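K.L.:
give me a 3D structure for the following:
(4 chains)
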Number of protein chains: 2
Amino acid sequence: MAGPTLRDVAKRANVSIRTVSNVVNGYAPVSDELRARVQAVLDELDYRPNLIARNLKQGRTGMIALVVPELDVPYFAELAREVITAARARGYVVMIDQTDGDGDRERELLGRDSRATMFDGLLLSPLSVSAEELRERGNRIPIVLLGEHIFNGSFHHVAIDNVAAAREATTHLLDLGRRRVAAIGDQPYATGETAQLRTAGYRQAHNRAGLEVHEELVMSTPHFHRRLGAQAMERLLAMPDPPDAVFCYNDLLALGAIRALIRAGRRVPDDVAVVGLDDIEEGQFSTPSLTTIAPDKGEIARRAVNTLLESITGTPSAPSEIVVPHRLIVRESTSG
Amino acid sequence: MAGPTLRDVAKRANVSIRTVSNVVNGYAPVSDELRARVQAVLDELDYRPNLIARNLKQGRTGMIALVVPELDVPYFAELAREVITAARARGYVVMIDQTDGDGDRERELLGRDSRATMFDGLLLSPLSVSAEELRERGNRIPIVLLGEHIFNGSFHHVAIDNVAAAREATTHLLDLGRRRVAAIGDQPYATGETAQLRTAGYRQAHNRAGLEVHEELVMSTPHFHRRLGAQAMERLLAMPDPPDAVFCYNDLLALGAIRALIRAGRRVPDDVAVVGLDDIEEGQFSTPSLTTIAPDKGEIARRAVNTLLESITGTPSAPSEIVVPHRLIVRESTSG
DNA sequence: TGAGGGCTCTGCAACGATGCAGACATCATG
DNA sequence: CATGATGTCTGCATCGTTGCAGAGCCCTCA
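P.N.:
Below is the predicted model:
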């Protein structure tokens, strides 16, 4: 099972362990002749360095952890892809864990027995755990927070401007002449800060247009999944005066909403226009294709990874609040 | 930066390092009194065990690696989710890497400088690398192969019965009375073994029904993405005698095909019925929803993880060929 | 000729934890 | 009282690697 070690190679080549190490790493000067001899033995035994030992000695692992609520939510899968790519470019690999939005699972990560000490840094997209808890439990490794939650400046944080994004999405619908614009995805409770920011943007858009928000059209959903988007849409359609447009707080809600609309015989966008947020690939190929706000995921990943690696290698810097650009992409669900 | 070590705790509590270790691990008998004293210091210093050191000593890391072509392909994202869940149930965490189907990237994993030595085992879903290469480069850690490729019995391998799955999908279309059933996704070259198995199933269905295969309706695609499904469908529609049904080798191809059909003004399933394979969640909410063959992903993940962990802990067993169940799920794209 | 400087190469210690053998004290037993 | 068993606790060696200091050796140059 266990492969050959430096010692095995050294013994066989009749040199010191240290010299074999030097050959392996290309360090220090080694004469061509000796190098060749050692290399021959390395090849013969098919030596592979034991990275765990190397890590122990060097105090770093070259691994970062990415923790997301659900990996099969397309936004997180696409983000994970970008994170892996960005990390690879910097010589790091990524361990991925998912919490199912379970606060205990998130807290576990910070606890005494967590495997966090195996990683040089942590990218965390929290749903339930609060900034206070994070600070108290203070992990020893650098952390960068992604997207969710409002943070009070205790941690590095990378996200889009959620208020502006929601405002632009809503304004797009108002500009089309829609006057009963619903919102799907509000979360008026402690852990729903992101949703609340989006609701704030939705209100801003109305205010700036000099219009009233129809409060009954603001729908709450505990999660951002297709099924809940469909259910919320059904409730909206059952109203005496249903909406003529919907801003959904993510693309999955929007796709679920579209599904419910078509099932109910409404035309999209003629009867009801729909805007999402996330720009997942699925929205390009749905019928109708989905108008959405596209965060720059590659940029989110790169900024997050870079910030994390700086914290790892450099001196601890003041927590930064990084805002990544987004843009509106108009497709069939609003422009038929 | 570096946290306190066992030595720091030991010094402060005036006991041996070994005793602190015993308290931390609940090993060996330690008197209640001493245990309390040590625990107090542990808490005071907020000691966290250095897992890298523990790993080095114990020769295992508690991490397995999952390598997939693309994490943002829903099938792999959903599979990854199940793998993470299955591994967690067994006390393992999962490092995920993606290869983009790039053979060199896959081979890198097996090379001398790969980080593979950091993991106790490897779950690999290869696209390009061949079984021969895998065997030659012979990694030192246990490997279980997932899904793709035909393997010649050199490795543990978990997959569905691709021939049967494709046959059932095609038979479903023939049973609906369709007589010009196209296939999208063939890959008639070395690394396309999975696709070829599905083509074989497609042919079997025709044979058993006493029907001829319309060879011009078998479309090749280098990848299994939405866009290629749409393109293939457009080519089929441009034919003088277009198909009245399509079996797509995965759900993404199918969703792309549906998109092309609707764009071209055809009704699904009235004009053309569509079946996919993978049962990704997206297919439940598309319009129309997608008939598909559903592999039992949870079972794939559990069997794969269990097999891998057995290879890790137990004696090396003969490579097993594990076939996981699948079933046909009929939705709107064939039953309007 | 011998001091000094490069060039190779080596051995020891250390990273932080655990396995093992045993030290020491206490207690029960014949 | 001697013996052995039991219960606690300790120290050393070790996992496989790298950092560091220095040992030889050969060469050069005054």
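K.L.:
where does the closest residue to DNA strand C within the stretch 1-150 of chain A land in three-state SS?
P.N.:
Going by C-beta to the nearest atom of the strand, DNA strand C is nearest to residue A:29 of the stretch 1-150 of chain A, at 2.9 Å. (Each C-beta comes from the backbone N, C-alpha and C, glycine too.) What DSSP: H, G, I helix; E, B strand; the rest coil gives for residue A:29 is coil.
K.L.:
residue A:145 too?
P.N.:
strand.
K.L.:
which residues touch it?
P.N.:
Going by C-beta atoms under 8 Å, 6 or more residues apart in numbering or on different chains, residue A:145 touches A:124, A:125, A:126, A:151, A:155, A:156, A:157, A:158.
K.L.:
who's the last one bridged to?
P.N.:
Here residue A:158 sits in beta bridges with residue A:146, residue A:322, going by DSSP bridges.
K.L.:
measure it to DNA strand D for me?
P.N.:
32 Å (C-beta to the nearest atom of the strand, to the nearest Å).
K.L.:
so that residue sits right up against residue A:303, yeah?
P.N.:
Yes - assessed by C-beta atoms under 8 Å, residue A:158 is found in contact with residue A:303 at 5.2 Å.
K.L.:
quick check: neighbours shared by the two?
P.N.:
Looking at what touches both residue A:158 and residue A:303 (by C-beta under 8 Å, 6+ apart), the common residues are A:322, A:324.
K.L.:
out of the two, which sits in the busier spot?
P.N.:
Counted by other C-beta atoms under 10 Å in any protein chain shown, residue A:158 and residue A:303 do not tie: residue A:158 has more neighbours, with 25 against 21.
K.L.:
contact partners for that one?
P.N.:
A:144, A:145, A:146, A:147, A:300, A:303, A:304, A:307, A:322, A:324.
K.L.:
repeat for residue A:79
P.N.:
A:68, A:125, A:146, A:297, A:300, A:301.
K.L.:
please repeat the previous calculation with a cut-off of 6 Å.
P.N.:
residue A:297 (C-beta atoms under 6 Å, 6 or more residues apart in numbering or on different chains).
K.L.:
before we move on, back to that, burial measure for the residue of the stretch 1-150 of chain A closest to DNA strand C, as a count.
P.N.:
Counted with other C-beta under 10 Å, residue A:29 comes out at 6.
K.L.:
same question for the one 4 residues further on.
P.N.:
Residue A:33 sits with 8 neighbouring residues when counted by other C-beta under 10 Å.
K.L.:
same question for the one 3 residues further on.
P.N.:
Residues within reach of residue A:36, counting by other C-beta under 10 Å, total 11.
K.L.:
check residue A:20 too.
P.N.:
Using other C-beta under 10 Å: residue A:20 sits among 25 other residues.
K.L.:
now do the one 10 residues further on
P.N.:
Residue A:30 is surrounded by 18 other residues when neighbours are defined as other C-beta under 10 Å.
K.L.:
please apply the same query to residue A:218.
P.N.:
18.
K.L.:
that one - nearest residue in space that isn't next to it in sequence?
P.N.:
Leaving aside its sequence neighbours, residue A:218 sits nearest to residue A:183 (C-beta to C-beta, 6 or more residues apart in numbering or on different chains; 4.8 Å).
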